[in-house]
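In: Fold the stuff below for me.
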Amino acid sequence: MAAAEHKHPNYMAIFWYLAILTVVEIAVIYAPLPKVTIVVLLCSLALGKAALVAMYFMHLRFETRTLGLVAITPLMIATLLVFLLLPDGLAVAKRTVGVKAAVSARSTEWRRRGIPGWSMAPERRVVRARRAFGRAARLVCPRCGRSPLFRGPFRMAPACSACGLTFERAQGYFVGAIYVNYAVTTVIVIGGYFLLWAFTELSTAAQLALWLPVAVVFPIWFFRYSRSFWLALEYAVNPEP
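Out: You can find the predicted model right below:
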């Protein structure tokens, strides 16, 4: 009965809309525009394409408002995480050259003097990974565990002040941390939703009122830990930059 209440969308028209938006995205990438403008335009175009797919190919336009909120929430989280990382990512290009030169000189001197951090013997990968993740939970350098990773709530140090390990090894290095944050948030929110659905009698509206604030606040709180664990994973696999 519900299927008879609306016509099927024109899928070919939606396809051409998506194709045009893709061409515009490619043009924006190569346009002589400031980086901030390019990022904002690309995010806006990506959101437009996601909205078209969700509304028509996933038929959310014809579904109830509650289902639409459930589908839109992960998109809001992803968008929030992208814009949280945007200022940090734009600052990398400006500081990379100076940081690498300073760290290289300091690391050479510490290696020559045999300061701990450069004099560590090679470790087995399992031992190194366990140690790195333990230090990640404390938000300190995964190699020496002596220097904090952050200088402020969201401002990360460019390198370890104790052993010289470079934290951000390349521009866009911490994109993987976005996926870590998103995955952990999704597991908590979706898992919590289904646990309460199975063992309580909370309504969908009550569940949304409970989990939507969690979905917004938790990624902000977990931001530093997502970067710390991503760096620990990288160090466990590749200890030298």
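In: OK, contacts around residue 38?
Out: The contact partners of residue 38, taken as C-beta atoms under 8 Å, 6 or more residues apart in numbering, are 28, 29, 31. (Each C-beta comes from the backbone N, C-alpha and C, glycine too.)
In: So which of the residues you listed sit within helices?
Out: Among those, the ones falling in helices (DSSP state H) are 28, 29.
In: ok, and the most crowded of the contacts of residue 38?
Out: Among the contacts of residue 38, the one with the most neighbours (other C-beta atoms under 10 Å) is residue 28, at 17 neighbours.
In: That one contacts residue 39, doesn't it?
Out: No: in this structure residue 28 lies outside contact range of residue 39 using C-beta atoms under 8 Å: 9.6 Å.
In: could the contacts of residue 38 go into JSON lines alongside distance to residue 209 and pLDDT?
Out: Output for those, formatted as JSON lines (distance: C-beta to C-beta, whole Å; pLDDT from 0 to 100):
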{"residue": "28", "distance to residue 209": "38", "pLDDT": "88"}
{"residue": "29", "distance to residue 209": "40", "pLDDT": "86"}
{"residue": "31", "distance to residue 209": "43", "pLDDT": "87"}
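In: Sort out which one of the contacts of residue 38 lies nearest residue 216 for me.
Out: Using C-beta to C-beta, residue 28 is the member of the contacts of residue 38 that lies nearest residue 216, at 28.5 Å.
In: Excluding chain neighbours, what is closest to the closest one?
Out: residue 41 (4.9 Å; C-beta to C-beta, 6 or more residues apart in numbering).
In: again with residue 31
Out: residue 38 (7.0 Å).
In: can you pull the pLDDT of that neighbour?
Out: As predicted, residue 38 sits at a pLDDT of 86.
In: Which element, helix or strand, includes it?
Out: Using DSSP states H and E, residue 38 sits within helix 35-52.
In: Report the separation between residue 216 and residue 129.
Out: Residue 216 is 32 Å from residue 129, where distance means C-beta to C-beta, to the nearest Å.
In: out of those two, which sits in the busier spot?
Out: Using other C-beta under 10 Å as the criterion, residue 216 and residue 129 rank with residue 129 on top: 17 against 14.
In: can you pull the contacts of that one?
Out: Contacts of residue 129 by C-beta under 8 Å, 6+ apart are 232, 233, 236.
In: Output stretch 181-192 as PDB, restricted to C-alpha atoms.
Out: C-alpha atoms of stretch 181-192 as PDB (Å, rounded to 0.1, in the frame of the first residue of the first chain):
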ATOM      1  CA  ASN A 181      36.900   7.600  15.500                       C
ATOM      2  CA  TYR A 182      34.000   6.900  13.200                       C
ATOM      3  CA  ALA A 183      34.200   3.100  13.700                       C
ATOM      4  CA  VAL A 184      34.400   3.300  17.500                       C
ATOM      5  CA  THR A 185      31.500   5.800  17.600                       C
ATOM      6  CA  THR A 186      29.400   3.600  15.300                       C
ATOM      7  CA  VAL A 187      30.000   0.500  17.400                       C
ATOM      8  CA  ILE A 188      29.100   2.300  20.600                       C
ATOM      9  CA  VAL A 189      25.900   4.000  19.300                       C
ATOM     10  CA  ILE A 190      24.600   1.200  17.100                       C
ATOM     11  CA  GLY A 191      25.600  -1.500  19.600                       C
ATOM     12  CA  GLY A 192      24.000   0.500  22.500                       C
END
